[in-house]
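>>> This is the structure alone, sequence omitted:
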């Protein structure tokens, strides 16, 4: 009798644990996974926090191994160490994600750097570094993870910037990289739509991040923009602004845009997110001024009435899209 009771008890325990394992496997299967590059600080860290707390499993891409521990301590997060400039490390990251068995629904290309200085004095090495991380990085990572995203009919998001619309003196290299991302995501969106994959661009203004400290350290370590520059006052102004970058607004709005891009049944193509109305207005105004610059004096120049009519048509189209998404 005791042997029968023991057998029944063991069987019951096996069933309970078996059901728990099945439940956990089902939960893993239904929990969409997202890879966020540059996840250890600033915008990427805030994205990781928000996504992991709202039903997603996040693979947190970090550059250095010592950054993995803090990420792995977060719920629904697994750190992956790789450099977006190194294809071999990216391929290892792909294999790691494949082995986890969750698939990959979303990719957020967020890793980025900033190189500041005058165009006339910018060393080619520093310009290449800027583009290698901010442009070629998303290009490499997206190509590597595209098969998994296509299989899940998922979403690809890249962190651009309002600097992709307007740029300032001494910010040319950074602006070049963000302008390139505009073209890249526009082309990619049209190319992958046939596979059920959507592409989105988040364009933040100035928010708290470590990018300013990193940019200043690069100037000091590489000594590529020194005090004997032709742009002495500009150099002092930029260095002062970089010191303040860490004290910008909380990037929670940027993280919420990332969440919407992954969660919404009708995500936006572009998310311009600024901490104040001034930045938003200046960015939109620059886009309008570019349109007028493009139109003025060309062989088929449009009149003000024609431009206004086109704007009204675009408003109407935007309203139709907005209505269909509600």
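Structure received. These numbers come from a predicted model, not from an experiment.
>>> right, and the helix or strand after the worst-scoring helix or strand of the chain on mean pLDDT?
Taking mean pLDDT, DSSP states H and E as the measure, the helix or strand of the chain with the lowest value is helix 2-30, at a mean of 48. Under the assignment DSSP states H and E, the closest C-terminal helix or strand after helix 2-30 is strand 33-36.
>>> List the buried residues of whichever helix or strand comes after that following strand.
Next in sequence after strand 33-36, counting helices and strands by DSSP H and E, comes helix 42-52. For helix 42-52, the buried set under the neighbour-count rule, 16 or more other CB atoms under 10 Å, comprises 42-52. Backbone N, C-alpha and C define where each C-beta goes, glycine included.
>>> which of those lies closest to residue 307?
Using CB to CB, the shortest approach to residue 307 within the buried residues of helix 42-52 belongs to residue 43, at 35.3 Å.
>>> can you map out the strands along the stretch 51-200 of the chain?
For the stretch 51-200 of the chain, the strands defined by DSSP state E, counting those that start in this stretch cover 57-62, 77-81, 106-109, 155-159, 198-204.
>>> Now for residue 263, how many residues are close by?
16 (other CB atoms under 10 Å).
>>> And it, what's its pLDDT?
Among the per-residue scores, residue 263 shows a pLDDT of 97.
>>> Make JSON lines out of the strands of the stretch 51-200 of the chain and add mean pLDDT.
Putting the strands of the stretch 51-200 of the chain into JSON lines (pLDDT from 0 to 100) gives the following:
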{"stretch": "strand 57-62", "mean pLDDT": "98"}
{"stretch": "strand 77-81", "mean pLDDT": "98"}
{"stretch": "strand 106-109", "mean pLDDT": "98"}
{"stretch": "strand 155-159", "mean pLDDT": "98"}
{"stretch": "strand 198-204", "mean pLDDT": "98"}
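>>> Figure out which of those is closest to residue 70.
For those, the distance to residue 70 is smallest for strand 77-81, at 8.3 Å, taking CB to CB.
>>> Can you work out which other helices and strands pack against the closest one?
Here strand 77-81 is seen to pack against strand 57-62, helix 68-72, helix 87-100 when contacts are counted using 3 or more CB pairs under 8 Å, 6 or more residues apart in numbering; DSSP states H and E.
>>> mind checking pLDDT for the closest residue to residue 210 other than its chain neighbours?
When the adjacent residues along the chain are set aside, residue 210 lies closest to residue 41, with 4.8 Å between them (CB to CB, 6 or more residues apart in numbering). pLDDT recorded at residue 41 is 94.
>>> Residue 209 is in contact with residue 41, correct?
Yes - here residue 41 reaches residue 209: they are 6.9 Å apart, a contact under CB atoms under 8 Å.
>>> So these two - more neighbours on which side?
Regarding residue 41 and residue 209, a neighbour count based on other CB under 10 Å identifies residue 209 as having more, with 23 against 18.
>>> Contact partners for the nearest residue to residue 38 once chain neighbours are set aside?
Sequence neighbours aside, residue 111 is the residue nearest to residue 38 in space, at 3.3 Å (criterion: CB to CB, 6+ apart). With contact set as CB atoms under 8 Å, 6 or more residues apart in numbering, residue 111 has these partners: 37-38, 44, 61, 63, 84, 133, 137.
>>> coming back round to it: can you redo the buried residues of helix 42-52 as CSV with distance to residue 317?
Listed next are the buried residues of helix 42-52 as CSV, based on distance: CB to CB, whole Å:
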residue, distance to residue 317
42, 35
43, 30
44, 33
45, 37
46, 33
47, 30
48, 35
49, 36
50, 31
51, 31
52, 36
